[in-house]
Each structure stands twice: as structure tokens, then as C-alpha cells.
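**Student:** The amino acid sequence is not available; the structure is as follows:
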């Protein structure tokens, strides 16, 4: 079947891979041929190889009713989480239809627990396992890092240590006791993929970690100095946060090359608290 | 003829016999022509079958602009590209066929991008009429008949 009558299929495919991701659902309903093509894994691969893949930030974010008067009230009234999409290049925001388990997903992701502790020989020894509540798991330089957290009975007293599982040797590295400079919640810690550094927000600054030393990279803009969510993609760092508790959450993007900040404009509906998120290439 | 021709110039002959004198650097933006020149299997006159004079002139215009404006600002070139490809569907398809057949990558990219822009923001119904119009019979006989019936938003 011809994808676009009048054009060879390989050229028609070149046209289809250039459609923005938010048009995929419409394009899939056009005919069986388009649907089959768009759903093929090769279609996404082709898009990526041609440099046409779009980076999309997917967020589990609290919904804000713009009709309510004060912002604090809007947030506290009834916290409903939705999956929201953001294309940081175009400033496109959208909310996906409610998922029945979204609240549950958000809770599980935020209260992520990890039960790990390396034994003396580097293998997981069930006897010495300890739980790490609210730890942060980051995949960085071929290792699965589990950063900070606290034992359940130490409610909220974060540790400074971290441990890493080496995927090549399939063993846990020894615990790094002083991984963080401060005992603090590690939720903003992210891997910088291409720059081979870890990033984290602390005391109103963006910190970068290279060779186990944390250094201040840049100050956070005042509107996001209380960072709730951080992610990186293709040399950029996104921070979503608020000026102080109860204020609307804004988004800023920093270019990791020159540490320059740009505000990512978002409508009022997209100013709720962000529980968690990830970056997808579509 | 070839002796009077300046160095580094090529003659392209369209399917309807019209000849265009084009600098070699511009002509070899078509990979197909580049291969012919490199293999030295082309005399100074290169036939371009399947592409008529009208379309060939447009392709040459595009290649010339891209060749000249290497030093120019990328945004200027982008504006030129978007204006260049903004044509009716028939001319667009003819250009795509020519660009694909002659392997002019930059032109093909700009044209395909334009088709994607044309699809963007349209309703399913609109896309079916505009791009699959020739396949109306196929659509009607498939199970999409119900979709079309339900989807009658003539916007």
C-alpha cells in the first residue's frame, strides 16, 4: 500500500518521520498503512538517526485549578496528580488523560525504597541489607548508584553515603561514606549523561560532582531556588521548583556549556508541584 | 558546443529537451550527477530524464542558492527554504520525485519537512482528503467507512 499516493514509500516515510510527536495519534487514525508504520519500532529509530527525535519531559505533576483564588489554597485543597508532557524546545505543554493509578504511581516513586548494602566481599549479603527510604537511584558511568536515604527507624535523617552496583562486574562497590557534603534529601541528584558529571541542587545552587568532589556550578534563579525536580537531556538541565513552599512551581533550563539560564514559560495550569518525571526521546 | 563552454560548467538537459548551463559545484549537489561526473561517464551534457524543464529550473535555483549562501546566515537560508518549498501539492510532489531521483539531499529534506508541516494540525478527515484522495475507494471499502461517517468535521 502506498503511504502517500504519488510518492515512493521511502520518501513518504521521510515525510512521516518529520511529523511532531503530538500529531502521532491523529496520523495513526488516518489509515492502516500510516498506523502500522508509526507503530513500528523502526519508525522511532529512523526518527532518532535522522536527528528528528524530540526530547519530551514527562512529569507526574499536581493539577492546579486556575479558577481558585489563592495559590496556596489551590494546592492544598485537593492534590490530584496527572501525567503532563512538556517539550522544552517549543514550550509545548499538555496534560494526558487521567491514569487510574497515577496517585499511586506518584507515591511509590516518591517514597522509593532501596534495600541494598554491600557485603564485605562486594556481593549482596542479605543479612547486612539495610533499607534506604527516599534514596535516589541514578544510573551514572555504567554504574547504578543508590544515593543517600535513611533507615526506616531514622525517619527523615538522611545519610551522606552512597553505593554503586557495577553492571560489568555484577558486584556492589564499597560504600562511599562521604558522598554528599551535607546530609540532605537527594531527590534533585541527576546524571548529566554527556558531560559525565552528576548534578544536584543544594542551598540555592546547582552543584556538579566530578571525581567525587562537589563544586558550585551556578546559582539557581530565585523563582526555582526551592527545587522539586531536576532532569538533564542533551547538554541541558531543567529545574522545576518554587521560590518558597506554597508558591507556584516554575521551570528554568540551564545550558550546561555556558551555565546560562532561560525561563521555560508555562501556563498557570502547569505550575503545580512535581512529584517525579523523566525525559523521553520520541 | 563543449569546447566553447567555460571550465567547470555542465549542461543539464531536461526530459523535454531544454538545456541549462550550470556550474559544476551546483550540479554535483545532486549525488546522482556527482557520481556520473566522478565516474567520467558523462560528457559535458548530462541528460536528466523524468524531470521537465520547469521542475529542473526550480531544483537548480534551490541548489544555486544553497551553494552561494554557505557563508550567509543560516536563518536567511531557512527563510528561503520555507518560501521555496511552499507550493501546491502537485509541484511539491514533482519536486520531491526529482529530488529523490537525482538524490539532492538538502532539497529532499526541506520538501519532506514541508509535507510534514502540511499534515500538522489537520484533522484526520482533512488529511485523508488531501493526501489520500486518490485512494477514496480503498478507504470506503475498508472498515474506515464508519470513521468517515462519524468524523464529518468539514473544517
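**Tutor:** Sure thing, it's come through. Computed from a predicted model, the values in this text were never measured in an experiment.

**Student:** Quick one: residues contacting the closest residue to residue B:56 other than its chain neighbours.
**Tutor:** Residue nearest to residue B:56 in three dimensions, not counting chain neighbours: residue B:14, with 4.5 Å by Cβ to Cβ, 6 or more residues apart in numbering or on different chains. From N, CA and C alone the C-beta is placed, and that goes for glycine too. By Cβ atoms under 8 Å, 6 or more residues apart in numbering or on different chains, the contact list for residue B:14 reads B:20, B:48, B:51, B:52, B:53, B:55, B:56.

**Student:** wait, isn't the fifth one in contact with residue B:19?
**Tutor:** Read it as residue B:53. No - taking contacts as Cβ atoms under 8 Å, residue B:53 lies outside contact range of residue B:19: 9.0 Å.

**Student:** How about the contacts made by residue A:269?
**Tutor:** Counting by Cβ under 8 Å, 6+ apart, residue A:269 touches A:63, A:64, A:66, A:93, A:95.

**Student:** my bad, should have said residue B:67
**Tutor:** Residue B:67 neighbours (Cβ under 8 Å, 6+ apart): B:23, B:25, B:26, B:29.

**Student:** what helix or strand is it on?
**Tutor:** Taking DSSP states H and E as the definition, one finds residue B:67 inside helix B:53-68.

**Student:** Identify the residues contacting the helix or strand following that helix?
**Tutor:** Sequence order places helix B:74-85 as the next helix or strand after helix B:53-68, per DSSP H and E. Outside of helix B:74-85, the residues within contact range by Cβ under 8 Å, 6+ apart are B:58, B:61, B:62, B:65, B:66, B:69, B:92, B:95, B:110, B:111, B:113, B:114.

**Student:** farthest pair in those?
**Tutor:** Farthest-apart pair in the contacts of helix B:74-85 is B:69 and B:92; separation 22.0 Å (Cβ to Cβ).

**Student:** the more surrounded of these two?
**Tutor:** residue B:92 (18 against 13; other Cβ atoms under 10 Å in any protein chain shown).

**Student:** Next, the more buried one: secondary structure please.
**Tutor:** Using DSSP: H, G, I helix; E, B strand; the rest coil, the structure places residue B:92 in helix.

**Student:** wait, isn't it in contact with residue B:117?
**Tutor:** No - checked against Cβ under 8 Å, the pair residue B:92 and residue B:117 is beyond contact range at 11.0 Å.

**Student:** Phi, psi for residue B:102 please.
**Tutor:** Main-chain dihedrals, residue B:102, degrees, to the nearest 10: phi -90, psi 0.

**Student:** Report the mean confidence score over stretch A:12-30.
**Tutor:** Averaged across stretch A:12-30, the pLDDT comes to 92.

**Student:** what about whatever residue of chain B ends up closest to chain A, neighbour count?
**Tutor:** Chain B approaches chain A most closely through residue B:116 (3.5 Å), counting by Cβ to the nearest Cβ. When neighbours are defined as other Cβ under 10 Å, residue B:116 has 19 of them.
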